[in-house]
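Enquirer: Turn this into a model:
(one chain, ligands or ions: 1)
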Amino acid sequence: MLNLNSRLTRVAISIAKSLFTRDYTSICRAGYTPSTRNYCLQPSFQQNLLTNLYKGAMFEKHNFLSTTASNNAAESGSQEKETISVTFVDKDGEEHLIKVPIGMSMLEAAHENDIELEGACEGSLACSTCHVIVMDVEYYNKLEDPTDEENDMLDLAFGLSETSRLGCQVIAKPELDGVRLALPAATRNFAVDGYVPKPH
Ligand code: FES
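Expert: Numbers count the residues shown, from 1 in each chain. A predicted model of the protein is given here:
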């Protein structure tokens, strides 16, 4: 009887041990594989496991946030760079240095900064009142070639020069950073006489 009791006790202990061990070995298999199964059963291991999982989750969260923050900083940095410096030199020789967003025409930029550049037809290539003279040939050569329509209008412009362009057709792009544009002493407007549009 004593022998039977003792055997039953050993069997019960063995079953309980087996069940308990299975739970934690499955956790161990998920990337945390200590050298012995007994190590998994130790309370200190369980505590360490949970602590490490928590730390890992916090690291990932922090890493995600800092990556997002640095991406935002990079994006805002690139936005800041998406303008170029343009100097308008008016007929009195006064210089106006402005920042022009990439993609904006020099006519729009002038209007936004209260620079006296007419633009009677508002960029529809029907006048020559937005005539500007690119002061450096180096920059003039970086511009797209003028279309036939622009050349036709330029032929009517007052004070035409080798580096004349229509301001509404000169679009800001990174290569034009630092360009200087002179405003002619007068403009001639055959197409839209007397009409001066309000700045945008
Ligand atoms: Fe008329 Fe530029 S605004 S052609």
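Enquirer: Output the set of residues of this structure in proximity to the ligand.
Expert: The chain comes close to the ligand at residues 107, 119-123, 125-127, 129-130, 153, 166, 168, as judged by Cβ under 6 Å from any ligand atom. Backbone N, C-alpha and C define where each C-beta goes, glycine included.
Enquirer: where does the protein have its least confident helix or strand?
Expert: For the chain, the helix or strand with the lowest mean confidence is helix 37-41, at a mean of 42 (criterion: mean pLDDT, DSSP states H and E).
Enquirer: so residue 84 touches residue 181, yeah?
Expert: No. Judged on Cβ atoms under 8 Å, residue 84 makes no contact with residue 181 at a distance of 12.0 Å.
Enquirer: Please identify which of those two sits among more neighbours.
Expert: Here residue 84 and residue 181 are set side by side on neighbour count (other Cβ atoms under 10 Å), and the busier one is residue 181, at 25 against 20.
Enquirer: Could you please name the strands the one helix or strand the more buried one maps to pairs with and the direction of each pair?
Expert: If you go by DSSP states H and E, residue 181 is part of strand 179-182. According to DSSP bridges, strand 179-182 forms sheet pairs with strand 83-89 (parallel), strand 131-134 (antiparallel).
Enquirer: Quick one: neighbours of the closest residue to residue 161 other than its chain neighbours, just the number.
Expert: Closest residue to residue 161 apart from its sequence neighbours, by Cβ to Cβ, 6 or more residues apart in numbering: residue 133 at 5.1 Å. By other Cβ under 10 Å, 19 other residues sit near residue 133.
Enquirer: For the ligand, see how far away residue 133 is.
Expert: 14 Å (Cβ to the nearest ligand atom, to the nearest Å).
Enquirer: Contacts only, for that residue.
Expert: For residue 133, the contact set (Cβ atoms under 8 Å, 6 or more residues apart in numbering) comprises 159, 161, 163, 164, 165, 181, 182, 183, 184.
Enquirer: out of those residues, which are buried?
Expert: Among those, those buried by neighbour count (16 or more other Cβ atoms under 10 Å) are 163, 164, 165, 181, 182, 183, 184.
Enquirer: Closest one of those to the ligand?
Expert: Set against the ligand, the nearest of those by Cβ to the nearest ligand atom is residue 165 (9.7 Å).
Enquirer: Surely the closest one is in contact with residue 142?
Expert: No. Residue 165 is not in contact with residue 142 according to Cβ under 8 Å; the separation is 11.5 Å.
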